[in-house]
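> Structure, please.
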Amino acid sequence: MTFQIARYRKAVTGIDDELKVFEQKYTMSSEECYLRFNSGELGDKADFFEWSGLYENFLLYRKRMAALKDEI
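Predicted coordinates:
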């Protein structure tokens, strides 16, 4: 289990670095972008699709890490 947690931690760190690039470029948090994109406020620009997908993965991996930590 600790190996899997380490893999998720590494993935989260990598995704976080990518999210920060978008956050700086568009001067908003990933959470704000995700909410606004999913409500249709941001249109269909490719960056927002990519950013939203990255943020979903970020949340998924964090959730999986937390679940594994709870099992330890």
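> just the helices in this protein please.
Using DSSP state H, the helices assigned to the chain run over residues 2-26, 30-38, 46-71.
> Would you format those helices as TSV with mean neighbour count and mean pLDDT included?
Just so you know, the C-beta spots here come from the backbone N, C-alpha and C atoms, and that holds for glycine as well. Conversion of the helices of the chain to TSV gives the following (neighbours: other CB atoms under 10 Å; pLDDT from 0 to 100):
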stretch	mean neighbour count	mean pLDDT
helix 2-26	14	95
helix 30-38	17	98
helix 46-71	15	94
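> Quick test: name the residue nearest the centre of this protein.
Closest to where the C-alpha atoms of the chain average out (CA atoms, centre = their mean) is Tyr55, at 2.4 Å.
> That one against Glu32, yeah?
No: with contact defined as CB atoms under 8 Å, Tyr55 and Glu32 do not form a contacting pair (10.1 Å).
> pull the CA atoms of stretch 37-52 into CSV?
Below are the C-alpha coordinates for stretch 37-52, written out as CSV (Å, rounded to 0.1, in the frame of the first residue of the first chain):
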residue,chain,number,x,y,z
PHE,A,37,-15.9,25.6,-16.7
ASN,A,38,-18.4,23.0,-15.7
SER,A,39,-21.1,25.6,-15.3
GLY,A,40,-20.4,26.8,-18.9
GLU,A,41,-18.9,30.2,-18.0
LEU,A,42,-15.5,29.7,-19.6
GLY,A,43,-16.5,28.4,-23.1
ASP,A,44,-14.8,25.6,-24.9
LYS,A,45,-11.2,26.7,-25.1
ALA,A,46,-8.8,23.7,-25.2
ASP,A,47,-6.9,25.0,-22.2
PHE,A,48,-9.9,24.8,-20.0
PHE,A,49,-10.7,21.2,-21.1
GLU,A,50,-7.1,20.2,-20.3
TRP,A,51,-7.1,22.2,-17.0
SER,A,52,-10.4,20.7,-15.9
